[in-house]
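**Q** sequence and predicted model, in that order:
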Amino acid sequence: MPLMYPLVFAAFLFSAGVYGVLARRNAVMVLMSIELMLNAVNVNLVAFNAYLRDELVSGQVFALFVIAVAAAEVGIGLAIVLLIFRNRETVNIDEVDLLRW
Amino acid sequence: MHPLAQATTQPLPLPEVDWRAIAPELALAVAGVVLLLVVAFWPRAGRGVLAGLTLAGLAAAAALTVWNWDLERVAFEGAVSLDGITRYARAVLLAVGALATLMVAQGDSREGEPDDSPPEVFPLLLFALLGMVLLAAASDLLVVFIALEILSLSLYVMAGETRRLAAQEAAMKYFLLGAFSSAFLLYGIALCYGATGSTNLLEIADATGDPTADGTLLLAGVGLLAVGFLFKVSAVPFHMWTPDVYQGTPTPVAAFMAAATKVAGFAVFLRVFAGALGGLVVSWRPVIAGAAVLTMLVGAALAVVQTDLKRMLAYSSISHAGYLLVGVAAAATVPAGVSASMFYLLTYAFMVMGAFMVVQYVSRLGPPDDDAIGERSSLEDYRGLARRHPWAAGLLAVFMLALTGIPPLSGFWAKYYVFLAGIEAGLTWLVVVAVISSVISAFFYLRVLVVAYLQEPVGDPGAETAPGRTPALGVALGLAGLLTVAIGLAPEALIAAARSAERILG
Amino acid sequence: MLFGQRLRALAGWIATLAVAAAFVVALAAFFELLSHPGEERTQILRGYEWFTSGDLRVAFDLRWDPLSALMALVVTGVSSLIHLYSIGYMEHDERRETFFSWLNLFVASMLVLVLAQNFLVMFLGWEGVGLCSYLLVGFWFNRRLLVVNPLGRLVEGEPDDTREVWAPPAAKKAFLANRIGDVGFLLAMFLIFATTGSLDFDVVFGEAGALAAGTATAIALLLFLACTGKSAQFPLYVWLPDAMAGPTPVSALIHAATMVTAGVFLVARTHTIFEASGTAQTVVLLVGAGTALLAALIAIGQDDIKKILAYSTVSQLGYMFIGVALGPIGYAAGMLHLVTHAFFKAQLFLGAGSVMHGNDDDTDIKHFGGLRSAMPITFWTTMAAWAAIVGVPFTSGFYSKDQVLAAAFEHGGIGLLAWAIGVFTAGLTAFYMSRYVFLTFFGERRWPEGRHPHESPPVMTVPLIVLAVLALVAGFALTTFTGEGGRFQAFLEPVLGAPEEHESLAAAAGLSAAATGLAAVGAIVAWLLYVRPFDWLALRRRWAGAWRPLAEKLYVDQVYEFFTVNLGGALAAFLARNVDQRGIDGAVNGVAELVGSSARSGRRLQSGLVRSYALGVLGGAVLIVAFLVFRP
């Protein structure tokens, strides 16, 4: 399989994530879109690892770290969204705009 | 012989663990865990106790930093490197951490303040510092990523941990945008890995000189790395989170973010761009220089129209990031760029922390207002400050003049060296823009002084409550003011120390 | 509390004594300097080492040589008198202790500026005086000050004046013009360090001759840009007339006698750099001559007594720049004019302050007339200063202006043009200054009913008398005691160099006669118009077409305003539809407005919405990656 396939797939996945962040108003959906972006990078890392025949398997190790960090990030993200929801009863990020200009 | 038996007789190729190299980081981690346990199992521990423990942890880390001062090596198979940048950044970050601890500890004196962070803020502060110190020492993109996430995750929580709506909103904005931009950074890391076959900065540096490496992939990766770092140091156009977050978060946390994140962010920026990617300087210099121009001018211009001091300081920190980017742009070809930037970070950290300390002091002057969405930091609150609180106003004047870059305060030397490095690197046009921007910036810094010194206080000054006893904040203010003046009067030793940071290992 | 009140009352006296003590010290050091032979009169006090690093050594070194001694004496001497005067002038101001502390800070900064031994310490003083000037111009930030209507009617009973708060925008304008100049100073400093590797005066001046012509020109012109800001020369002079919003002693001290002459001092101090570049000298000469003429013309059309004096200051500064642009033959003349101007212009401002003090803070010349008998001391001392600035023979201004013009004539070439402009401007000067004193002190009484003009207290009149005496005798004392060329020139020679030859006495007398004659014509025309019973307002109305441009400051401010505000505003309006253009005045505010209005539109991007911020991140990322990947 040429390297190009996973790379293009990852690029599409990343773009879908970016689109989700920009288009979604629900904070939880935005969080999920960010997860999508991180997973796109994971695909990249693993694909490069295989292509380079890296003896240190740094790509795969990196991907594992990314997965772990992503889990932590989601945990904190959901906590913050929950906090906002408790105080304002909304998870629409367009309504969170007290601070501006 | 059975292959398994043969294998068992051979020594395992275990990686060498160089405990000494990361001793300060270990101290911070241990102190953080200890404090977490204390907070969990001894909920009635006073802020003074927690602050004392935090300071003890910082002191231990500082002692270990001093112990390691002359150590120059690459440890953990090239994952961590100990060089001038590392030790300089460690020293500055630990000092900033100590000042931030004092600011956070101040919460004690007025009960029921909605601005006070809960006790968990102390361990989080230590973890954030751990991430920052590690970031400055990281010489592998994996460590860069991990360290960046440690510091970011800690800061997201610290930002939102009060009852104020503004703080929670700031946390959410910071979190969403931070995660978004770190995905870009990660994509950049992946592309660099694909193009060079390694995540290690030393090997990437070798590969950039190799013409067979995939140029396009590498350049795209470099661009995305730049995005990630530019976001962390709040450069234009990745700056928009900064004003909202600095305005919304509790003032001690904002001060910590403004000072420490910049130090760590620029340390890694210098190491990756001026060090590992130095071979590609012709490609990335226009990007950094362009970002520097935008950052300086947009930051200064938008600061002019602000009416909230915290928000103005955020824009000011953006324009200062622009001056630092001039140093980064120069650093790849001129070693003085590295030392000038490191010295700038040192002076800037104390000036900006001092300014935020005055904000914290003034925010306590009025009666506690639980319903306000944020802390009081409007410029209106500073009218006639000189009459009511001459010491606070005097210190405010020192910090504002230092931020403007008026000699003999420390800020002048910082600008002077960075500009000189820029000229030496042939970036004269960039320095001209920087001088113009610093002229614009004088406007808003001095406007604060005009408000504090020339305008009459609004309302009845008698109705104002006393700020309460503020011993910790007083000590912190005194230290920051003293450092700002002293560095301005005798910058020599610190410049010499920064000079030793010019050689980048890996 | 009681003690605090008493201390507040004493603040003025304490400040005055401090400055007077500085004057005594300077005087003692000056006589010590005189005890050395001429060529050994440069003493460098190696001060506290600021820091050394690599090849850059910066220390608080101070320089005590004839030039800095002269400046230090003038600064401390005039400051002492003005401090004393301020005790009376600011008596009823509730923030007088603040005023005196800033005034003292100003004197300290000015001394740092003139005593510096390297560019960095000088810059420290340069910034310091700018900051104090900014603070003091804005001192009456909420006081409603008189806005003089140049085409208003003559008062019959009620004054038709309006009062507005104009100190804050004036302070802003002064600040901005000075910052533009400071850019020049900073860039010059960087350039100097980049080419000579040092900022120390001795090292830099030692290498100035070896500089490439282009570099020398660049450095000199950048330094001169700083001078045009600080010393109010074209094109940055517009801030000085507005700076009259500050208290009158400030106008006398900062905006007439000392700070605004810092630019002249800078050119004299760095004269070796200017000598290395003929182009720069020509530019200084032309700007100086042009400003002298322009400001004198505008001064004719002003009705606000402080603005007349402000434009007069701008014009006289032009003379000083003509002097220092001429090379060794003109340096001493330019510096002499600086000294004499400090005396007579300080007196004129303090006299104007005394007039205001006795007339309910009125500044409209149309509301005075015949004050001669009501304020005799103010009148006679002002007449002495008038004689000096007009150039009545044997007063101080006569000598200094004469020397500047003679040097310009002798310089030849472009100097002849400057000479011609200078002589003509001398006539204009005589006219507008005579108009000033005639309309104020002579003729019929035009002040409104119910006003009782009165003489100021002794604490104010004593400085007036001292300055008036100095204005009369300083020129004679400094030049003629020791004959041709004079003691003054010989004193400065070790620093500024000696001119090649002295011109003949006969030619000098002829040149003096030309300037004095033209001045006499100006004064006589003013007498015919303003002292004789004559309806000059009717004349003004009939010739409104000619009068109006002068009253409107030759439209320079409006032109600036057009270019910076209208064009900038159009640009900003294109970005954001509603641009707030209220309260804009003059060019310099326009620049601020341009920054402000574009910032306000830029601010709209900061919508507070996370998603738009994310869009910014994405846009930046796409731009950067596209640039790196697709760059040719």
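**A** Nice, I can see it.
**Q** can you give me the pLDDT of A:Ala23?
**A** Looking at A:Ala23, its pLDDT stands at 87.
**Q** excluding covalently adjacent residues, which one is nearest to it?
**A** Nearest residue to A:Ala23 in three dimensions, chain neighbours excluded: C:Arg611, at 8.0 Å (CB to CB, 6 or more residues apart in numbering or on different chains). Yep, even glycine has a C-beta here, placed from its N, CA and C like the rest.
**Q** and what of B:Met240?
**A** Nearest to B:Met240 is C:Tyr613, by CB to CB, 6+ apart, at 4.0 Å.
**Q** show me what whichever strand or helix holds the one you found is packed up against.
**A** Element membership of C:Tyr613 [criterion: DSSP states H and E] is helix C:610-630. With contacts taken as 3 or more CB pairs under 8 Å, 6 or more residues apart in numbering or on different chains; DSSP states H and E, helix C:610-630 sits against helix A:4-23, helix B:165-196, helix B:215-232, helix B:281-304.
**Q** run the chain-centre distance for stretch C:378-398.
**A** 20 Å (CA atoms, centre = their mean, to the nearest Å).
**Q** how many residues are close by the closest residue to B:Pro335 other than its chain neighbours?
**A** Nearest residue to B:Pro335, sequence neighbours excluded (CB to CB, 6+ apart): B:Glu502, at 3.9 Å. B:Glu502 is flanked by 19 other residues according to other CB atoms under 10 Å in any protein chain shown.
**Q** got the contact list for B:Glu502?
**A** B:Gly84, B:Pro335, B:Ala336, B:Val338, B:Ser339 (CB atoms under 8 Å, 6 or more residues apart in numbering or on different chains).
**Q** and the closest residue to the first one other than its chain neighbours, which of the three is it?
**A** Once its chain neighbours are removed from consideration, B:Gly84 has its nearest residue in B:Ala501; the separation is 2.9 Å (CB to CB, 6+ apart). When states are read from DSSP: H, G, I helix; E, B strand; the rest coil, the local structure at B:Ala501 comes out as coil.
**Q** ok, B:Ala501 touching B:Arg90?
**A** No - the pair B:Ala501 and B:Arg90 fails to qualify as a contact (CB atoms under 8 Å) at a distance of 11.1 Å.
**Q** find the nearest non-adjacent residue to residue 96, please.
**A** Picked chain A for this. That would be B:Glu169: by CB to CB, 6+ apart, it lies 5.1 Å from A:Val96.
**Q** please go with chain C instead
**A** The nearest residue in space to C:Arg96 (CB to CB, 6+ apart) is C:Met90, at 4.4 Å.
**Q** any idea how far that neighbour is from chain B?
**A** Going from C:Met90 to chain B by CB to the nearest CB, to the nearest Å gives 16 Å.
**Q** can you tell me how far that residue sits from C:Thr196?
**A** 45 Å (CB to CB, to the nearest Å).
**Q** likewise C:Ala509?
**A** Following CB to CB, the distance that separates C:Ala509 from C:Thr196 is 44 Å.
**Q** for the chain, which spans come out with low pLDDT?
**A** Picked chain A for this. A:100-101 (pLDDT under 70).
**Q** meant chain C actually
**A** C:1-8, C:38, C:49-57, C:149-161, C:480-486, C:500-508, C:532-535, C:561-608, C:632.
**Q** before we move on, which element is the closest residue to B:Ser339 other than its chain neighbours in?
**A** With CB to CB, 6+ apart as the criterion, B:Ser339 has its nearest non-adjacent residue at 4.0 Å, and that residue is B:Ala498. Per DSSP H and E: B:Ala498 is located in helix B:492-499.
**Q** repeat that for B:Leu430.
**A** Here B:Leu430 is assigned to helix B:428-454, by DSSP H and E.
**Q** and the helix or strand just after that helix, what's buried?
**A** Where DSSP H and E defines the elements, the next helix or strand beyond helix B:428-454 is helix B:471-489. Buried positions in helix B:471-489, judged by neighbour count with 16 or more other CB atoms under 10 Å in any protein chain shown: B:472-474, B:476-477, B:479-481, B:483-484, B:487-489.
**Q** return only those of those residues found close to chain C.
**A** B:Leu489 (CB under 8 Å from any CB of the partner chain).
**Q** which of the buried residues of helix B:471-489 sits closest to chain A?
**A** Closest to chain A out of these is B:Leu473 (24.5 Å), distances taken as CB to the nearest CB.
**Q** quick one: the closest one and B:Leu102 touch, right?
**A** Yes - with contacts counted by CB under 8 Å, B:Leu473 reaches B:Leu102, the gap being 6.8 Å.
**Q** restricting to C-alpha, output stretch C:397-417 in PDB.
**A** Once non-C-alpha atoms are left out, stretch C:397-417 reads as follows in PDB (Å, rounded to 0.1, in the frame of the first residue of the first chain):
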ATOM      1  CA  GLY C 397      19.300  89.900  22.000                       C
ATOM      2  CA  PHE C 398      21.000  92.400  19.900                       C
ATOM      3  CA  TYR C 399      24.400  90.800  20.400                       C
ATOM      4  CA  SER C 400      23.300  87.200  20.000                       C
ATOM      5  CA  LYS C 401      21.000  87.700  17.000                       C
ATOM      6  CA  ASP C 402      23.600  89.900  15.400                       C
ATOM      7  CA  GLN C 403      26.300  87.200  15.800                       C
ATOM      8  CA  VAL C 404      24.100  84.500  14.300                       C
ATOM      9  CA  LEU C 405      23.300  86.700  11.300                       C
ATOM     10  CA  ALA C 406      26.900  87.700  10.900                       C
ATOM     11  CA  ALA C 407      28.000  84.100  11.000                       C
ATOM     12  CA  ALA C 408      25.400  83.200   8.400                       C
ATOM     13  CA  PHE C 409      26.600  86.000   6.100                       C
ATOM     14  CA  GLU C 410      30.200  85.100   6.500                       C
ATOM     15  CA  HIS C 411      29.400  81.400   5.800                       C
ATOM     16  CA  GLY C 412      28.400  82.400   2.300                       C
ATOM     17  CA  GLY C 413      26.500  80.200  -0.100                       C
ATOM     18  CA  ILE C 414      23.400  78.900   1.400                       C
ATOM     19  CA  GLY C 415      24.200  80.900   4.500                       C
ATOM     20  CA  LEU C 416      23.400  84.100   2.600                       C
ATOM     21  CA  LEU C 417      19.800  82.800   2.100                       C
END
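**Q** pick the most buried one from the helices and strands packed on helix C:610-630.
**A** Of these, the one with the most neighbours on average (mean count of other CB atoms under 10 Å in any protein chain shown) is helix B:165-196, at a mean of 26.
**Q** show me what from the stretch 201-350 of chain B comes close to chain C.
**A** So the stretch 201-350 of chain B meets chain C at B:216, B:219-220, B:222-224, B:226-227, B:230-231, B:237-238, B:240-241, B:243-244, B:283-284, B:286-287, B:298, B:301-302, B:304-305 (CB under 8 Å from any CB).
**Q** check chain A too.
**A** A:18, A:21-23, A:25, A:30, A:93-94, A:96-101.
**Q** looking at those, which is nearest chain B?
**A** Looking across these and measuring by CB to the nearest CB, the closest to chain B is A:Leu99, at 4.1 Å.
**Q** on that earlier part again, from chain C, how far out is the residue nearest to B:Gly84?
**A** Taken as CB to the nearest CB, the span from B:Ala501 to chain C is 14 Å.
**Q** hang on, the earlier thing: OK, contacts around the residue nearest to B:Ser339?
**A** By CB under 8 Å, 6+ apart, the neighbours of B:Ala498 are B:Gly84, B:Tyr88, B:Ser339, B:Ala340, B:Met342, B:Phe343, B:Leu346.
**Q** go with 6 Å
**A** Contact analysis of B:Ala498 by CB atoms under 6 Å, 6 or more residues apart in numbering or on different chains lists B:Ser339, B:Met342, B:Phe343.
**Q** ok, and the closest non-adjacent residue to B:Ala183?
**A** A:Met37 (3.8 Å).
**Q** next, count neighbours for the one you found.
**A** 25.
**Q** just give me the longest helix of the chain.
**A** No chain in the question, so chain A it is. helix A:58-88 (DSSP state H).
**Q** could you do chain C instead?
**A** Per DSSP H, chain C has its longest helix at helix C:2-34.
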